[in-house]
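1. just a sequence and a predicted model for now, questions to come.
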Amino acid sequence: MAEEQTTDTSPAEVPLAEITSAPTVQEELAGKEVSFPTSVTPHVHDGVDSPRIRVLHLINDSRARAYLTGNQTITAGNNAKITLNTETYDTLNQFDSTTNYRFTVKIGQSGYYLITTRVGFTASATTDIHQIQIRVNNAIVAENRVQSTTTDAHSFGIDVSDIRLLAVGDYVEVFVDSDALSNYTVIAGTTSTFLSIHRIS
């Protein structure tokens, strides 16, 4: 009787030397032309957990923060832009803190941005509704409002945040509005009235 032949179906062992010699990102890109925007820094991770994993991290530096340095009086009955006139940081020079008080997306910086703002108000002697707005290209994209009271009058702040997809040339501003019948005051200070905006992807 002929011997029955069997086939070994177990996975073949891969020599350790072959695994550990997997090409790095630098080797994979050798001789190839690769360009990055001037604002992007390539970071190479050689895959400590698995030598076969090669990840190229692109770290984008698009971020800015600005705040109000002097109390701003708002005329009753008008919505008004907050004059954020001092920058905490502005890595790519995208925030205008002298003329338009806005953040404008530069070429190569389109993407999703986390936008956060806070506006502080002085105490009101009447019951008024105050509102703050994040505007993109002068259109309201996020807002929040608070009603002040006469029985517990004190200064207060309103916060709002959003994640927005911004294209090149889009600009972001902060506005306030109120039904107050008399002028009111926005409080200055880096922790009281500010806008921060970071590109996250």
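-> Right, received. Where do you want to start? Numbering: from 1, shown residues only.
2. quick one: low-confidence ranges for this protein?
-> Scanning the chain for pLDDT under 70 picks out 1-60, 125, 150-153.
3. now do the helices in it.
-> 16-20, 25-29 (DSSP state H).
4. who's residue 129 bridged to?
-> For residue 129, the beta-bridge partners under DSSP bridges are residue 147.
5. how close does it get to residue 161?
-> Between residue 129 and residue 161 the distance is 20 Å, computed by C-beta to C-beta, to the nearest Å. (Glycine included, C-beta is placed from N, CA and C.)
6. residues in contact with the residue lying closest to residue 74 once chain neighbours are set aside?
-> Closest residue to residue 74 in three dimensions, ignoring its sequence neighbours and counting by C-beta to C-beta, 6 or more residues apart in numbering: residue 80, at 4.9 Å. The neighbourhood of residue 80, defined by C-beta atoms under 8 Å, 6 or more residues apart in numbering, consists of 72, 74, 175-177.
7. any idea what residue 80 is bridged to?
-> Applying DSSP bridges to residue 80, the residues it is bridged with are residue 176.
8. so residue 147 sits right up against residue 131, yeah?
-> No - here residue 147 does not reach residue 131: they are 10.0 Å apart, not a contact under C-beta atoms under 8 Å.
9. show me which of those two is the more surrounded one.
-> More neighbours surround residue 131 than the other of residue 147 and residue 131, with 18 against 10 (other C-beta atoms under 10 Å).
10. which non-adjacent residue is nearest that one?
-> For residue 131, ignoring the flanking residues on the chain, the nearest one in space by C-beta to C-beta, 6+ apart is residue 145 at 4.0 Å.
11. now do the one you found against residue 172, distance only.
-> 19 Å.
12. likewise residue 62?
-> Using C-beta to C-beta, one obtains 12 Å as the distance from residue 62 to residue 172.
13. related to what we said a few turns ago, quick one: contacts for the residue nearest to residue 131?
-> Residues touching residue 145, when contacts are defined by C-beta under 8 Å, 6+ apart, comprise 129-132, 158.
14. so it versus residue 195, what's the distance?
-> For residue 145, the distance to residue 195 equals 18 Å [C-beta to C-beta].
15. ditto for residue 63
-> Plainly put, residue 63 is 12 Å away from residue 195 if you go by C-beta to C-beta.
16. and the two? which has more neighbours close in?
-> When residue 63 and residue 195 are compared on other C-beta under 10 Å, the one with more neighbours turns out to be residue 195, at 25 against 19.
17. picking that back up, identify the contacts common to residue 62 and residue 172.
-> Shared contacts of residue 62 and residue 172 (C-beta under 8 Å, 6+ apart): residue 113.
18. right, and residue 177 touches residue 79 too?
-> Yes - counting by C-beta under 8 Å, a contact exists between residue 177 and residue 79, whose distance comes to 4.0 Å.
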